[in-house]
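Here is my input, please return the structure:
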Amino acid sequence: MSILDAIKAAVGGTGSMWAAAGGAALVGSLAAGGWWLHHSGYEAGRAQALLEAQAAAQKLSEQYRAQEAAVQQTVEANYAKYRGQILATQAAADGRYADAVAGLRRQIDELRTRRAAPNPQPASRTDAAAGPDILTVIGECTGRYDQVVRYAAGLADQVNGLQGYVRAMGAGMK
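This is a model prediction of the structure:
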């Protein structure tokens, strides 16, 4: 019996027509069930993938925050170390050069007191009083030297601090 004969037999009688309709309904329901099963499985897989992606993003975010906090702590520690070095350098510069500056100022004062003493000999040059006092010039040089030393110490501290900061940033990024 061929397929055409089976269709003719199914359509031909009233009882067979109900059987054909039932068969068509069965085939339709199987097709709809297959589609539903596929669709619900796809949605479940999509939802699962979305949850996994969110969990991975949360984990990466936490790792980044932890790394950022570690870098910030390193930067703060290096800054504190830098400030400590600045204070130590300034204290050392004040102590080291204060004695030398005080000694030079004492010598200048002694020279001024000796010069202020009456000199029985007349000055050999008439324009000696017109020029700047050599002791004043030396005193100004001493003061300027003190300023330059302090400025150089500050620059050295700044360079050391920046080098420490760069090292900390490089270590934090690894």
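
For residue 167, which non-adjacent residue is spatially closest?
Setting aside the residues directly before and after it, residue 167 is nearest to residue 78 in space (Cβ to Cβ, 6 or more residues apart in numbering), at 7.7 Å. Quick note: C-beta positions are derived from backbone N, CA and C, even for glycine.

which is the next helix or strand following the one helix or strand that neighbour maps to?
Secondary structure assignment for residue 78, by DSSP states H and E: helix 14-116. Under the assignment DSSP H and E, the closest C-terminal helix or strand after helix 14-116 is helix 134-173.

Could you give me the buried positions within that next one?
139, 142, 146, 149, 153, 157, 161, 164, 168 (16 or more other Cβ atoms under 10 Å).

ok, so of these, who is nearest residue 92?
Checking the buried residues of helix 134-173 against residue 92 with Cβ to Cβ, the nearest one is residue 153 at 8.2 Å.

And the pLDDT for that closest one?
Per-residue pLDDT puts residue 153 at 84.

I figured it hits residue 87, correct?
No. Counting by Cβ atoms under 8 Å, residue 153 does not reach residue 87; the two are 11.0 Å apart.

Can you give me every residue that contacts the closest residue to residue 145 other than its chain neighbours?
Computed as Cβ to Cβ, 6+ apart, the closest residue to residue 145 that is not its neighbour in sequence is residue 101, at 7.9 Å. By Cβ atoms under 8 Å, 6 or more residues apart in numbering, the contact list for residue 101 reads 142, 143, 145, 146.

Present the residues you listed as TSV; the columns should include distance to residue 26 and pLDDT.
Shown next, in TSV, are the contacts of residue 101 (distance: Cβ to Cβ, whole Å; pLDDT from 0 to 100):
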residue	distance to residue 26	pLDDT
142	112	82
143	109	82
145	108	85
146	106	83
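
Out of those, which is nearest to residue 134?
Distance to residue 134 across the contacts of residue 101 (Cβ to Cβ) is lowest for residue 142, with 12.6 Å.

Pull up the gap between the nearest residue to that closest one once chain neighbours are set aside and residue 94, please.
Excluding its sequence neighbours, the residue lying closest to residue 142 (Cβ to Cβ, 6+ apart) is residue 104, at 4.8 Å. Computed as Cβ to Cβ, to the nearest Å, the residue 104 to residue 94 distance reads 16 Å.
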